[in-house]
Structure formats: structure tokens, C-alpha cells
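> Got a sequence here, can you build the structure:
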Amino acid sequence: MGNNPEALSSYEKALEIQQQSLPPGHPNLAASYNNIGTVYDNMGIYTKARTFYEHAIQIGQQSLPTNHPNLQQWGNNLELTLTTLNLSYNGIGDERAKYLSAALQNNTTLTTLNLNGNGIGAEGARHLGDALQNNTGLTTLNLDRNTIGAEGAQHLGEALRNNTTLTTLTLRLNKIGAEGAQHLSDALRINTTLTTLDLECNRIEAQGARHLGDALRINTTLITLNLNGNEIGAEGARHLGDALQNNTTLTTLSLYNSKIGNEGAQHLGDALRNNTGLTTLNLNWNGIGADGARHLGDALRNNTTLITLNLNGNGVGAEGAQHLGDALRNNTALTTLNLELNSIGAEGAQHLADALRINT
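This is a model prediction of the structure:
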């Protein structure tokens, strides 16, 4: 241990003085945080070391040029111990993403990286994609709200063709569109490690759903797919439903607010008659109505794997509740049914209550 406790005390006192005399973003504060982190690192207290290294880098990114040697050194220190790094809403941009990506090329300890809301754009996605081609440690990457567009999705898709460690990729609100969905879908035909893909609110529409559906016919590793708010419509639901006829790996599909209507519910219901893998289906706020509930109810009579079905805000009414109730008389798998804000009234509640007398 040497003089670590003494050095720690000295550095902490220096930091306390600086905090009283310097502005919050001063680079000297970053240096002190790094010094304290180094001491904790030497003492084997890695969790605290990571915390101080993170403070140093966050301040340094705001107060120093991207190529400043201190910033690079602090980054190297962080690489030695850090497993999770959250840099959400730090204004990193594409240029600083380049340096971060360079560090990822050889890093083997970082497993989770969150860059939500940093405006890295397509160029930043390219740098990260290049890093993912070689990185063997990162398992979770969050790039929500970065406006990477279709081009950025292409760079990430190319990386997924070769990457063998990433299991979770979150790309909410990135405007990748149908073209971006196609690039990612092409990668899913080859990739064998990604288990969770979140594309919420990306304007992929029916065409994008078609690309993803085609990929699901081949992919055997993806477990969770979130397509909430993509306006895929009934046509998009048909493409996904057709894929689910054969796919046995996907367990969770979320289509919240996707405008699938009763026709889309029919396509998914048809899929559920044969699908043996899906356990959770989220269809909240899709306007499926009583007819959509009927299609899903008919499917539930035979389906033996779906455990959770979310139908909030779909206007199924008492008639829809009756169809679902009738299904529950025979279904032995479903354990959670969400029907919030469906105006089922007393009559609908009666239908469900009657089913509960039998459902076990």
C-alpha cells in the first residue's frame, strides 16, 4: 500500500480547496479527480477509482481540446478499470466520438456505453462502427437521440456483421427510416450475438418492418425487438406476422402506437396460432377495436406460449372483452392481460369475470 492513505488525504484536501476557489469546470479540478482515482486504483478500490476517473473525464471534455494529452491519459486510466460509462447529454458530437471510439478499439473491460443525446450524427456512428469491428468487450451500446440517420445505421450494420460481443443495441429516435432498418436487417441475417434491438420512433414504417421481418426468418439469436411508434400499420404487422410463423427465437415484440388497427391484429393473431416462441406482445394504443380483440382471442385459444399481452388504449369495449374472455376459458398459458383504458364497462368486466371462474 505504501503511502497511499497519506497521498489520498493530501489530494482530497487539495480538491476541497480547489472546489472553493475554482469554477466547476476548471481543468485543475479534473486533474485532482484523476489523482484521487489513481490512488484508489493503486489501493485496489476500483469502484471508487472509476467514479473519480469519470469526473475527471467529464470535466476535461468540457474544458480541454479533444487532443489534449491529459484528457487522453485520463481516458487511458479509465480504460483500465471501467466497465460501465454513462455520458448521456454531454454534447460530445462526432469529433469527440472519434476519440472515444479510438479508445474502444483495444479496450477489453468496458461492457456498457451510454451516449444518449450527444448529437454524434452519422459520422460519430461511423467512428463507433469502426471500433465495434475490433472491440471484444462491449455488450451494451445506447445511442438514443443522436440523429444518426440511415447512413449511421449503415455504419453500425456493417459493424454488426463482424462484431461477436454486442448483445444490446438501443437506437431510439434516430430517424433511420426504412433504409436504415434495411441496413440493420441485413446485418441480422449474419450476426449471431445481438439479442436486443430497440428501434423505437425511427420512422421505419411498413417497408422497414418488411426488412426486419425478412431478417427474422433467418436470425436465430434476437430475443427482444422494440418497434414502438414507427407507424408500421397493418401492412407492417403482416410482414412481422409472416416472420413469426417460423421464428422460434424472438420472445418479446413491442409495437406500442404503431397504427396496426384491427387488420394488423388479425395478421398477428394468425401468427400466434403457430408461433411457439413469443412470450410478450405489446400492442398498446393501436386502435384494434373489438374486431382486433376477436382475432387475438381466437389465436389465444390455441397458443400455448404467450404469457403477457398488453392491449391498453385500444377501444376494445365490452364486445372485445367478451372475445378475450371466451379465449381465457381455454387458454392455459397467459398470466398477464393489460386492458387499461378500453371502455369495457360493467358488461365487459362481467365477461372477464365469467372467464376467471374457469381459467386456472
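> how about the nearest residue to residue 92, chain neighbours excluded?
Leaving aside its chain neighbours, residue 92 sits nearest to residue 118 (4.1 Å; criterion: Cβ to Cβ, 6 or more residues apart in numbering). No exception for glycine: its C-beta is placed from N, CA and C like everyone else's.
> In contact with the one you found, which residues?
87-93, 97, 124, 146 (Cβ atoms under 8 Å, 6 or more residues apart in numbering).
> What of residue 135?
104-105, 107, 163, 165.
> how close does it sit to residue 224?
22 Å (Cβ to Cβ, to the nearest Å).
> for residue 326, same thing?
Applying Cβ to Cβ to residue 326 and residue 224 gives a distance of 30 Å.
> tally of neighbours for the closest residue to residue 4 other than its chain neighbours?
Excluding the flanking residues, the one nearest residue 4 by Cβ to Cβ, 6+ apart is residue 43, at 5.0 Å. Residues near residue 43, counting by other Cβ atoms under 10 Å, number 16.
> From residue 309, how far out is the residue nearest the centre of the chain?
In the chain, the centroid-proximal residue (Cα atoms, centre = their mean) is residue 170; its distance is 3.2 Å. Separation of residue 170 from residue 309 (Cβ to Cβ): 24 Å.
> repeat for residue 93
42 Å.
> Between these two, which has more neighbouring residues?
residue 309 (22 against 16).
> Kindly indicate whether that one is helix, strand or coil.
The local conformation at residue 309, judged by DSSP: H, G, I helix; E, B strand; the rest coil, is strand.
> Poorly predicted segments of the chain, please.
Along the chain, the model assigns pLDDT under 70 to residues 1-2, 78-81.
> Mind jotting down where the helices sit in it?
Secondary structure of the chain (DSSP state H): helices at 4-21, 27-42, 46-63, 69-81, 93-104, 121-134, 149-160, 177-188, 205-216, 233-244, 261-274, 289-300, 317-328, 345-356.
> Make CSV from the ones you listed and add distance to residue 338 to it.
Output for those, formatted as CSV (distance: least, Cβ to Cβ, whole Å):
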stretch, distance to residue 338
helix 4-21, 49
helix 27-42, 46
helix 46-63, 38
helix 69-81, 42
helix 93-104, 39
helix 121-134, 35
helix 149-160, 31
helix 177-188, 27
helix 205-216, 23
helix 233-244, 19
helix 261-274, 15
helix 289-300, 13
helix 317-328, 11
helix 345-356, 12
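> Would you mind telling me which of the ones you listed is nearest residue 282?
Evaluated over these, closeness to residue 282 peaks at helix 261-274, with 11.2 Å, by Cβ to Cβ.
> quick one: buried residues of stretch 5-25?
7-8, 11, 15 (16 or more other Cβ atoms under 10 Å).
> With stretch 136-150 instead?
Neighbour-count burial for stretch 136-150 [16+ other Cβ under 10 Å]: 137-150.
> repeat for stretch 305-321
306, 309-311, 313-321.
> Which of the buried residues of stretch 136-150 fall within strands?
140-142 (DSSP state E).
> sorry, back to before: filter the contacts of residue 135 down to the buried ones and hand me the PyMOL line.
Command for PyMOL that selects the buried part of those, burial taken from 16+ other Cβ under 10 Å:
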select buried, resi 104+107+163
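> For residue 250, see how far away the closest residue to residue 304 other than its chain neighbours is.
Nearest residue to residue 304, sequence neighbours excluded (Cβ to Cβ, 6+ apart): residue 333, at 5.0 Å. According to Cβ to Cβ, residue 333 and residue 250 sit 16 Å apart.
> The two - which one has more neighbours?
Legend: neighbour count by other Cβ under 10 Å for residue 333 and residue 250, higher for residue 250 (23 against 11).
> that older thread, go through the buried residues of stretch 136-150 and say which is closest to residue 65.
Using Cβ to Cβ, the buried residues of stretch 136-150 come closest to residue 65 at residue 146, 22.4 Å.
> isn't that closest one right up against residue 123?
No. Counting by Cβ atoms under 8 Å, residue 146 does not reach residue 123; the two are 10.7 Å apart.
> Spit out the contact partners of residue 64.
27, 30, 70-71.
> An error on my part: the question was meant for residue 117.
Counted by Cβ under 8 Å, 6+ apart, residue 117 has contacts 88-89, 144-146.
> Return the closest of the residues you listed with respect to residue 241.
residue 144 (27.3 Å).
> looking at it, that closest one is touching residue 174, isn't it?
Yes. Counting by Cβ under 8 Å, residue 174 is a contact partner of residue 144 at 7.4 Å.
> Can you tell me what sits against stretch 82-93?
So stretch 82-93 is contacted by 50, 53-54, 58, 61-62, 78, 100, 109-121, 124, 142 (Cβ under 8 Å, 6+ apart).
> hmm, 7 Å instead?
50, 53, 58, 61, 109-120, 124 (Cβ atoms under 7 Å, 6 or more residues apart in numbering).
> for it, which positions count as buried?
Buried residues in stretch 82-93 (16+ other Cβ under 10 Å): 82, 85, 87, 90, 92-93.
> Looking at those residues, which is nearest residue 194?
Once Cβ to Cβ is applied, the member of these that ends up nearest residue 194 is residue 85, at 20.1 Å.
> distance of the closest one from residue 123?
Taking Cβ to Cβ, one finds residue 85 at 20 Å from residue 123.
> What of residue 241?
37 Å.
> for the spatially closest residue to residue 345 that is not a sequence neighbour, what are its contacts?
By the measure of Cβ to Cβ, 6+ apart, the closest residue to residue 345 outside its immediate chain neighbours is residue 318, 5.3 Å from it. Applying Cβ under 7 Å, 6+ apart to residue 318 gives the contacts 344-345, 347-348, 351.
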